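Student: next input, structure requested:
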Amino acid sequence: MNSYSYANDNPIVKSDPSGRCVWDGCALEIVALGAFAGGVGGGIGQLVSDIGRGQASSFSDYAASVGKGAFVGGTVAGAGILGAGAAITGVVAGLAYGGSTVAVNDVRGIKNNWKDIAIDSAITGVTGGILEGILPGVPGRNPNLFTDAFFTGSHMTNALSQNIIDLGAHSFGSAFSGSLNLMNSYVVKNNTTYMQTSGGGSQQTSLPATISQGGATYYRNSSGLLSSSPGK
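Tutor: Numbers count the residues shown, from 1 in each chain. A predicted model of the protein is given here:
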């Protein structure tokens, strides 16, 4: 009856070949794909870190990592919708990672380590920009939300691959500079020692908040160093 109704009678600006994204040009589907893949990547990163430490993190640690990953993935996907190039996408990815890290740490009452945040944000920015520039786009329409194709299709596979590559970049950076203590820092909160890592968030470690030796008590400060006075 009306061959242009699928695009709100504006087929040039609101072209929709599939006829399934009337209102937003499939923006919701694209952002959801990026957010879901990013959340999965954040959870995987937390799991890999736990396996390496031989100690399970708390539910809040996983929630923080998944939430950060979802935010970064959705933000980068949104930049792609707007047609941002590789350089702009990299900047957006880095800012999203850094901003979400600061927000999560503030909510959880964990001191921000600006050096580590800057390093990790730079890694995400570089990988995000490079991947945007070299990985080919996935042909075909975006799958409908939460269908089988949404979770198992080529679009999701591509998005997950990008997040796994980013995770590998963080792991390589952590291994490369770990001996210099550039990627890890320690935070003491409520007599519990947490380690901030390149995977984001914090993880409870086996390092004690206090150590008694020679009749004296030493306190681990926010940098993970021992001091004879609490918090110093």
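
Student: and Ile110, that's in a strand?
Tutor: No: going by DSSP: H, G, I helix; E, B strand; the rest coil, the assignment for Ile110 is coil, not a strand.

Student: only alpha carbons, please: show stretch 95-103 as PDB.
Tutor: The C-alpha trace of stretch 95-103 is given here as PDB (Å, rounded to 0.1, in the frame of the first residue of the first chain):
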ATOM      1  CA  LEU A  95      37.700   7.500  27.500                       C
ATOM      2  CA  ALA A  96      34.900   5.000  28.100                       C
ATOM      3  CA  TYR A  97      37.300   2.600  29.800                       C
ATOM      4  CA  GLY A  98      38.900   5.200  32.000                       C
ATOM      5  CA  GLY A  99      35.600   6.900  32.900                       C
ATOM      6  CA  SER A 100      33.900   3.600  33.800                       C
ATOM      7  CA  THR A 101      36.900   2.500  35.900                       C
ATOM      8  CA  VAL A 102      36.800   5.700  37.900                       C
ATOM      9  CA  ALA A 103      33.000   5.500  38.300                       C
END
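
Student: ok, residues contacting it?
Tutor: The contact list for stretch 95-103, computed with CB atoms under 8 Å, 6 or more residues apart in numbering, reads 67-68, 71-72, 75-76, 112, 117-118, 120-121, 124-125, 200-201. Backbone N, C-alpha and C define where each C-beta goes, glycine included.

Student: quick one: low-confidence parts of this protein?
Tutor: 1-25, 132-133, 135-137, 140-141, 173-216, 218-232 (pLDDT under 70).

Student: what are the ranges of the strands in it?
Tutor: Applying DSSP state E to the chain gives strands spanning 185-189, 192-196, 202-204, 210-213, 216-220, 226-227.

Student: please parse this structure into its domains.
Tutor: Under automatic domain parsing, the residue ranges defining each domain of the chain are 21-180, 185-227.

Student: could you say what helices and strands the longest helix along the chain packs with?
Tutor: When the chain is parsed with DSSP state H, its longest helix is helix 27-53. When contacts are defined as 3 or more CB pairs under 8 Å, 6 or more residues apart in numbering; DSSP states H and E, helix 27-53 packs onto helix 59-81, helix 148-152, helix 154-177, strand 202-204.

Student: tabulate these (JSON lines), appending mean neighbour count.
Tutor: Putting the helices and strands packed on helix 27-53 into JSON lines (neighbours: other CB atoms under 10 Å) gives the following:
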{"stretch": "helix 59-81", "mean neighbour count": "22"}
{"stretch": "helix 148-152", "mean neighbour count": "13"}
{"stretch": "helix 154-177", "mean neighbour count": "17"}
{"stretch": "strand 202-204", "mean neighbour count": "22"}
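
Student: compare these and give me the one nearest Cys26.
Tutor: Taking CB to CB, helix 59-81 is the member of these nearest to Cys26, at 8.5 Å.
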